[in-house]
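Asks: Sequence plus the predicted model coming up.
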Amino acid sequence: MREEIIEHIKKLEKDRQIKILLAVESGSRAWGCPSPDSDFDVRIIFKRDKSEYLKIDQKKDTIDYFHGELLDINGWDIKKVLKLIRKSNATPFEWVQSPIKYKEIDNCSSEFLDLSKRYFQPRHAVNHYIGIAKNSYLKKDSPQEIKLKKLFYVLRPLMAAKWIILKDEVPPMDIPNLIKVITDQNIVDHIHDLLELKRIANEDYVHNVDTLISDYIKNEFDEISSIEIIDREVPSTDSLNEAFLRFIED
């Protein structure tokens, strides 16, 4: 499938008249918890010809592309990405850490990650992750049942929020690294068991949540919500402007 995705990326560049700087996997495959029938969530950062940024009427800064039932390509213009980094939006710093890359120009993911760290606002990011976790958990199929896929939409952001609180830094995007913030070995072992189950269970599989995990989730919600996080001073946009000019000049 990798070669097919790369061919679609090339076609997208030609058809949309763009240059893709970075193309990565962003969903469960990148998180380390794929199912046999998981689709491919490809995310791209692209740029247009420099002349397009000098026009009054600018082209759409997002791209959506679908192929069949398994391939979903979605992406943002470089200018939009840099604006989101300035707002400490979690999505860019997740994309650039993806362990599955389909295309990368000049090691740009490292530069995007450095910028994300510079503009990182812990409180904003924690609120983002807690919001995802709560929204997913409230949509359980029943008090004790939840789709296993959705359970990881609770566990992964909870671990990311905890990472930020403990380390005061941009969290990794994948579960094998995030799980290091959990100190209770019983919970760690149970999550590893869930990961193994997800590798053989289709995405519609509904799981009966063990008390150990439901208690862990409740306790994490309570603990994280009780912690006050102080905002950092937002740096000037100079670094972002310099990066933008450098990217569109190449």
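Replies: Yep, that arrived. Numbering: from 1, shown residues only.
Asks: Low-confidence stretches in this protein?
Replies: Applying pLDDT under 70 to the chain picks out residues 141.
Asks: Have a look at it and report its longest helix.
Replies: For the chain, the helix with the greatest residue count under DSSP state H is helix 148-167.
Asks: Next, the buried residues of whichever helix or strand comes after that helix.
Replies: Note on helix 148-167: by DSSP states H and E, the next helix or strand toward the C-terminus is helix 175-178. By neighbour count, and taking 16 or more other Cβ atoms under 10 Å as the criterion, the buried residues in helix 175-178 are 175, 178. No exception for glycine: its C-beta is placed from N, CA and C like everyone else's.
Asks: Show me what helix 175-178 packs onto, helices and strands only.
Replies: Based on contacts counted as 3 or more Cβ pairs under 8 Å, 6 or more residues apart in numbering; DSSP states H and E, the elements that helix 175-178 packs against are helix 148-167.
Asks: Could I have the CA atoms of the helix it packs on written out in CSV?
Replies: Listed in CSV are the C-alpha atoms of helix 148-167, where the atom choice follows Å, rounded to 0.1, in the frame of the first residue of the first chain:
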residue,chain,number,x,y,z
LEU,A,148,-12.0,-0.6,21.2
LYS,A,149,-11.0,2.0,18.6
LYS,A,150,-12.8,4.7,20.6
LEU,A,151,-11.2,3.5,23.8
PHE,A,152,-7.8,4.5,22.4
TYR,A,153,-9.3,7.9,21.6
VAL,A,154,-9.6,8.2,25.3
LEU,A,155,-6.4,6.5,26.5
ARG,A,156,-4.0,8.2,24.1
PRO,A,157,-5.0,11.8,24.7
LEU,A,158,-5.1,11.1,28.5
MET,A,159,-1.5,9.9,28.3
ALA,A,160,-0.6,13.0,26.2
ALA,A,161,-2.1,15.3,28.7
LYS,A,162,-0.3,13.6,31.6
TRP,A,163,3.0,13.8,29.6
ILE,A,164,2.6,17.6,29.3
ILE,A,165,1.8,18.0,33.0
LEU,A,166,4.8,15.8,34.1
LYS,A,167,7.3,17.0,31.6
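Asks: the domain parsing of the chain - what is it?
Replies: If you go by automatic domain parsing, the domain ranges for the chain are 2-120, 122-225.
Asks: how close does Tyr153 get to Arg118?
Replies: Taking Cβ to Cβ, to the nearest Å as the criterion, Tyr153 is separated from Arg118 by 28 Å.
Asks: Look at the two and report which has more neighbours.
Replies: Set side by side, Tyr153 and Arg118 show more neighbours around Tyr153, with 19 against 15, by other Cβ atoms under 10 Å.
Asks: Let me see the contact set for the more buried one.
Replies: Tyr153 makes contact with 132-133, 136 under the criterion Cβ atoms under 8 Å, 6 or more residues apart in numbering.
Asks: among the residues you listed, who's most crowded?
Replies: The residue in the contacts of Tyr153 with the most neighbours, by other Cβ under 10 Å, is Ala133 (23 neighbours).
Asks: Isn't it up against Lys162?
Replies: No. Under the criterion of Cβ atoms under 8 Å, Ala133 lies out of contact with Lys162, with a separation of 10.5 Å.
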